[in-house]
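K.L.:
Dropping the sequence and predicted coords here.
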Amino acid sequence: MTTQKIGVIGAGAIGQLMFNLIATQANSQTSTAVYLIGREPSSHSNTLQFTDLSQSRLNRTVTVLGQNSSELTELDLVIICVKAYQVNNLLCDLLPKLACHCHIILLHNGMGTHLNAAKHLCGYPKMGLSLATTSQGALRNAQWQVTHTGNGQTTIGHYTGQKLANSLIDCLSQAIPELLWHTEIITALWQKLIINCAINPLTAIFACKNGQLAEDRFAKHINMIVKECIEVAKADGISLSLPASIEMVYKVITLTANNISSMYQDILQQRKTEIDYISGYVVERAAQHQIAVPANVNNQQSIKALEIANRSNAT
Ligand code: PAF
């Protein structure tokens, strides 16, 4: 039996979680091997600490494939878990190094990278692209230490090119809890985008945990943001219900009440945020359709101002 090889790129909390979930599954069968892909030119090994949901701690020695590694050409699937704004450059560098049949899965917050990725893939007719979103909870405690903090749904769906092989679908389905294969992945991504448009900028602007957004003073903001998103999605051919979307936003606010959203964390740690792929994607699509989206424009501008303030404080 040939071994199917999976690479995971992006060593943030979600990248390390996905790697560990697949590695746990791969351990129980010899037909799958999983690697991390690093940014350094040559391969090296690393010890990853993984704490699972039952608080069991496991140290795992992993191979991190370097950018010049010939083993990149043997991968059947690469799961890309970097920030949305890193995807385009990464694909430019990585695609020429992969096997001609390799499948790509993009997994990050926000939307928009799929449009450029599809253009890149035109030059690789045997490759395929799937898109994914996840609500799995993970916390990176140190550079190579990750804790699985809670199960949540992961949704994957085919977007363009060749379809993902059934053996890889089976492997991921066994490895990732609550995995849903969605035939309308763009609809699923819009649903998650709406949650991120409502929660992420507001928590960063008002410097609060997700749960505080349940306060009455935020209701008008949240309603407006979601209403604008629904209108733009509709113009893009995606029909979503306003009451169901608002209900979903409040459900996530409650379920993640103690979380510091990824955008608020980025602002606190003076990092670039994914705003251009969250509110910014809605603003961009709205401009195409000539729809006014003042609440999302305002959020994008406010987050940009916070990023600029962070940069000038750092210099
Ligand atoms: O980006 C995040 O933080 C998460 O996607 C979410 C769902 C808003 C929860 O914090």
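P.N.:
On my side now, so go ahead.
K.L.:
which parts of this structure sit against the ligand?
P.N.:
Contact residues, the chain versus the ligand (C-beta under 6 Å from any ligand atom): 109, 195, 196, 199, 200, 210, 252, 256, 259, 261, 262. Every residue, glycine included, has its C-beta placed from N, CA and C.
K.L.:
So for the second one, what's the nearest residue that isn't a sequence neighbour?
P.N.:
Read it as residue 195. residue 252 (5.1 Å; C-beta to C-beta, 6 or more residues apart in numbering).
K.L.:
next one: phi and psi at the residue of the stretch 51-200 of the chain found nearest the ligand?
P.N.:
For the stretch 51-200 of the chain and the ligand, the shortest gap (C-beta to the nearest ligand atom) falls at residue 199, measuring 4.1 Å. Dihedral angles of residue 199 (phi, psi; degrees, to the nearest 10) stand at phi -90, psi -50.
K.L.:
okay but it is in contact with residue 250, surely?
P.N.:
No: checked against C-beta atoms under 8 Å, the pair residue 199 and residue 250 is beyond contact range at 10.1 Å.
K.L.:
Identify the spatial nearest neighbour of residue 275, chain neighbours not counted.
P.N.:
What sits nearest to residue 275 in space, not counting adjacent residues and going by C-beta to C-beta, 6+ apart, is residue 303, at 4.2 Å.
K.L.:
In terms of helix, strand or coil, where does that neighbour fall?
P.N.:
helix (DSSP: H, G, I helix; E, B strand; the rest coil).
K.L.:
Wait, it touches residue 205, no?
P.N.:
Yes: with contact defined as C-beta under 8 Å, residue 303 reaches residue 205; the gap is 7.1 Å.
K.L.:
Looking at these two, which has the bigger crowd around it?
P.N.:
A side-by-side neighbour count of residue 303 and residue 205, using other C-beta atoms under 10 Å, places residue 303 first with 24 against 18.
K.L.:
Contact partners for that one?
P.N.:
Contacts for residue 303 (C-beta atoms under 8 Å, 6 or more residues apart in numbering) come out as 201, 204, 205, 263, 267, 273, 275, 279.
K.L.:
How many residues are close by the first one?
P.N.:
A total of 29 residues lie near residue 201 under the criterion other C-beta under 10 Å.
K.L.:
I'd guess it is in a strand, am I close?
P.N.:
No: the assignment for residue 201, made by three-state DSSP, is helix rather than a strand.
K.L.:
can you tell me how far the residue nearest to it when sequence neighbours are not counted sits from residue 202?
P.N.:
Leaving out its chain neighbours, the residue that sits closest to residue 201 by C-beta to C-beta, 6+ apart is residue 299, at 3.7 Å. As judged by C-beta to C-beta, to the nearest Å, residue 299 and residue 202 stand 7 Å apart.
K.L.:
can you give me the strands in the stretch 151-300 of the chain?
P.N.:
154-161, 179-181 (DSSP state E, counting those that start in this stretch).
K.L.:
hmm, back to that, now for the residue of the stretch 51-200 of the chain closest to the ligand: which residues touch it?
P.N.:
Contacts of residue 199 by C-beta under 8 Å, 6+ apart are 210, 213, 249, 252, 253, 256, 261.
K.L.:
Check whether the third one really touches residue 223, as I assumed.
P.N.:
No: using C-beta under 8 Å, residue 249 is not in contact with residue 223; the gap is 9.5 Å.
K.L.:
Tell me which of the two has more neighbours.
P.N.:
residue 249 (22 against 15).
K.L.:
confidence score at that one?
P.N.:
Residue 249 is assigned a predicted lDDT (pLDDT) of 97.
K.L.:
who's in contact with it?
P.N.:
194, 195, 198, 199, 222, 226 are the contacts of residue 249 under C-beta under 8 Å, 6+ apart.
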